[in-house]
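**Student:** sequence first, predicted coordinates after that:
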Amino acid sequence: MPVLSRYHNTMSVRRGLRVIFFVEGFTDIRFVVGLSRICELTMIVPARQYAQSGLRKRVTDSGASLRVIEVDGGRLSFQFHSLAELWRSAGECDVILSQEVLRGSLNANLVGRLRSVPVVTYMGISPLEYFNCRRERQQIGPLTALLGATVIRTAAAINGRLATVCLAMGPYLRDKAAEMGARSEVGLYYGVDVDLFRPAGSDERRSLRSRLDLPAEKFLVVLSSRISHEKDPETVVRAVALARARGLDAVLLNLGGGYREFLALPARLGIENTGGWVMGRPAVHPGAELADYFRAADVVALASLAEGAAYSTLEALACATPVVATAVGGMAVQLDGYAELTPRRDHEAMAAALLAVAADPGPARARASRGREYVCRDWNREKAFADLARVLASVAMPLPAPAAVRTR
C-alpha cells in the first residue's frame, strides 16, 4: 500500500478559508505560493511528480504556509488512494480546488458531492485538443485515439456538470469549458508579476546578455517551452534556419526541461551545422531568472499545435519584448493586436515575421509595449489572486436566498 506522507513547513498557517488543492500531475510554484497567501491551504499531490518536477524543493525554499500530502504510486494507484485521502480531508475544508477537468477532478467531484463540499475545477488546457495532437504526430493509432477521445469527452462532461464552477485560464478556455456544460468563468492562474517581468532598455539588455552568457550581437530568439506533443518546436527551428539563410544572424535558445531533446531536433529535421546557433539550457526558476532571459531577447517565439493560454507569451509582452506566435487557441484570442501571429505549422510565415522584426524593430517593440499595458491591466498577478479569492469565497459561503415577498 502506498505511503501517505505529510510535509509541514515551519511557517504558521494563515487562518481563514480552508482549501484543498488537488493536483493529479504537475503544477506551478507561483500558483502554489499565491494560493497559500489567500487561504489555509492543503495540497494533495502525486509524490513522484512532486519530486521529479522540482516542486517539492521550490515549495520548501519558498517558505509558503501550507500542508502537503504526498500520495505514492502510479496512475491507477494514485487514483484510488487519492480518493481515500480526499475523503479523509474533505471534512476539514471549505472548498476543493481541483486541477484540470479529467480523472483527478472525477475524484474531487465525487467526494465533494458526497461530503457536501463545493468543488472548483481549474482548466489550464483544452484536453481533447491536446490529446488529438498525439494522433496528429502519429504517436497513437486510430483505435487508441477514438477510445481516448471518448474517455476525455465523458470525464470532461461529468466534471462540467458536477463542479460548482470551472475556472478556465483565459477567455478561449472559458468558452471551451462552457461547451462541456460547465458554469465557467475566466481564471488567470498565477497571473503575471509585472514588476519582475518588466522592460529593459538597450543598455540593460547588453548587460543581461553578458551576465547570462548570451551572444551580445546576435538576433536572439528565445523559446521558453517544454518539448511535448502539443508544442511545435519544429516550426520555430525551421523558421530561424530559414531566416538565417536569408541573411539574419540569429540564434535560438530553448529553456525547458526537455532542452536536450530540443538540441537533437535540428538533426531529425535534416538541418545541419547548428552548433553555433541552436542552444538549449535547463528550465530556470519562473519567479526569478526567466524574466531576465525574456528581457534580453529580441523576440520570444512560440509555435504550438494546440494552446490554452501560453503564459510565456504574456510574460514576454510584460517585458515589452516582441512576440511571434502561432495563431491557435488562446494565443489567437489573447495576443491579437499585440504580437505577430502566424498560421499553424507555417515556418515560412514565422521566418518572415522574424525578419520583419529584425529589419525594423521599432514597430514591433511599440506593439509589445501596448501588450505590456494590456497584461498589466488584465493579467497581473494581484488581479489573478484577488479574482480567485472572490470565487473561492463565493462558493464556500454563498449569499442567502432573498426573503420571500408576501403578497395579498
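**Tutor:** Thanks, I have the structure now. Numbers count the residues shown, from 1 in each chain.
**Student:** ok, which stretches of the stretch 101-250 of the chain are strands?
**Tutor:** For the stretch 101-250 of the chain, applying DSSP state E, counting those that start in this stretch gives strands covering 119-123, 165-169, 184-187, 219-224, 250-255.
**Student:** show me where pLDDT drops low in the chain?
**Tutor:** Along the chain, segments meeting pLDDT under 70 span 1-15, 397-408.
**Student:** out of the strands of the stretch 101-250 of the chain, deepest packed?
**Tutor:** strand 119-123 (a mean of 28; mean count of other C-beta atoms under 10 Å). (C-beta placed from N, C-alpha, C; glycine too.)
**Student:** what does stretch 136-150 contact?
**Tutor:** Applying C-beta atoms under 8 Å, 6 or more residues apart in numbering, the external contacts of stretch 136-150 come out as 128, 131-132, 134-135, 229, 305.
**Student:** need those residues in JSON lines (columns: distance to residue 356).
**Tutor:** Output for the contacts of stretch 136-150, formatted as JSON lines (distance: C-beta to C-beta, whole Å):
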{"residue": "128", "distance to residue 356": "35"}
{"residue": "131", "distance to residue 356": "35"}
{"residue": "132", "distance to residue 356": "32"}
{"residue": "134", "distance to residue 356": "33"}
{"residue": "135", "distance to residue 356": "34"}
{"residue": "229", "distance to residue 356": "30"}
{"residue": "305", "distance to residue 356": "24"}
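**Student:** which of the residues you listed fall in helices?
**Tutor:** For the contacts of stretch 136-150, membership in helices holds for 128, 131-132, 134-135, with DSSP state H as the criterion.
**Student:** coming back round to it: looking at the strands of the stretch 101-250 of the chain, which is nearest to residue 376?
**Tutor:** strand 184-187 (16.8 Å; C-beta to C-beta).
**Student:** which neighbouring elements make contact with that closest one?
**Tutor:** Strand 184-187 sits against strand 165-169, helix 171-179, helix 381-396, with contacts defined as 3 or more C-beta pairs under 8 Å, 6 or more residues apart in numbering; DSSP states H and E.
**Student:** give me that answer again for 6 Å
**Tutor:** Packed against strand 184-187 by the contact rule (3 or more C-beta pairs under 6 Å, 6 or more residues apart in numbering; DSSP states H and E) you find strand 165-169, helix 171-179.
**Student:** what's in contact with the last one?
**Tutor:** Put plainly, it is helix 171-179. Residues outside helix 171-179 that contact it (C-beta atoms under 6 Å, 6 or more residues apart in numbering) are 123, 126, 166, 168, 184, 186, 308, 329-330, 333.
**Student:** one more: the shortest one?
**Tutor:** Contacting residues not belonging to strand 165-169 are listed as 120-124, 174, 177, 182-185, 187, 189, 308-309 [C-beta under 6 Å, 6+ apart].
**Student:** which of those residues lies closest to residue 161?
**Tutor:** Using C-beta to C-beta, the contacts of strand 165-169 come closest to residue 161 at residue 182, 7.5 Å.
**Student:** format the strands of the stretch 101-250 of the chain as a markdown table; extra columns: distance to residue 93.
**Tutor:** Listed next are these as a markdown table, based on distance: least, C-beta to C-beta, whole Å:
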| stretch | distance to residue 93 |
| --- | --- |
| strand 119-123 | 11 |
| strand 165-169 | 16 |
| strand 184-187 | 19 |
| strand 219-224 | 35 |
| strand 250-255 | 36 |
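**Student:** okay, stretch 176-194 in PDB with CA atoms only?
**Tutor:** What follows is stretch 176-194, C-alpha atoms only, in PDB (Å, rounded to 0.1, in the frame of the first residue of the first chain):
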ATOM      1  CA  LYS A 176     -14.300  25.500 -24.200                       C
ATOM      2  CA  ALA A 177     -15.400  24.800 -20.600                       C
ATOM      3  CA  ALA A 178     -18.900  26.200 -21.300                       C
ATOM      4  CA  GLU A 179     -19.200  23.700 -24.200                       C
ATOM      5  CA  MET A 180     -18.700  20.900 -21.700                       C
ATOM      6  CA  GLY A 181     -21.700  22.200 -19.800                       C
ATOM      7  CA  ALA A 182     -19.700  23.800 -17.000                       C
ATOM      8  CA  ARG A 183     -20.600  27.000 -15.300                       C
ATOM      9  CA  SER A 184     -17.400  28.700 -16.300                       C
ATOM     10  CA  GLU A 185     -15.500  31.900 -15.500                       C
ATOM     11  CA  VAL A 186     -12.200  33.300 -16.600                       C
ATOM     12  CA  GLY A 187      -9.300  32.500 -14.200                       C
ATOM     13  CA  LEU A 188      -5.900  34.000 -14.600                       C
ATOM     14  CA  TYR A 189      -4.000  31.200 -12.800                       C
ATOM     15  CA  TYR A 190      -0.900  32.700 -11.200                       C
ATOM     16  CA  GLY A 191      -1.100  35.900 -13.300                       C
ATOM     17  CA  VAL A 192       2.000  37.900 -14.500                       C
ATOM     18  CA  ASP A 193       4.300  39.600 -12.000                       C
ATOM     19  CA  VAL A 194       4.600  42.800 -13.900                       C
END
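**Student:** which residues in the stretch 251-400 of the chain form helices?
**Tutor:** Secondary structure of the stretch 251-400 of the chain, counting by DSSP state H, counting those that start in this stretch: helices at 259-268, 290-296, 311-318, 329-334, 347-359, 361-378, 381-396.
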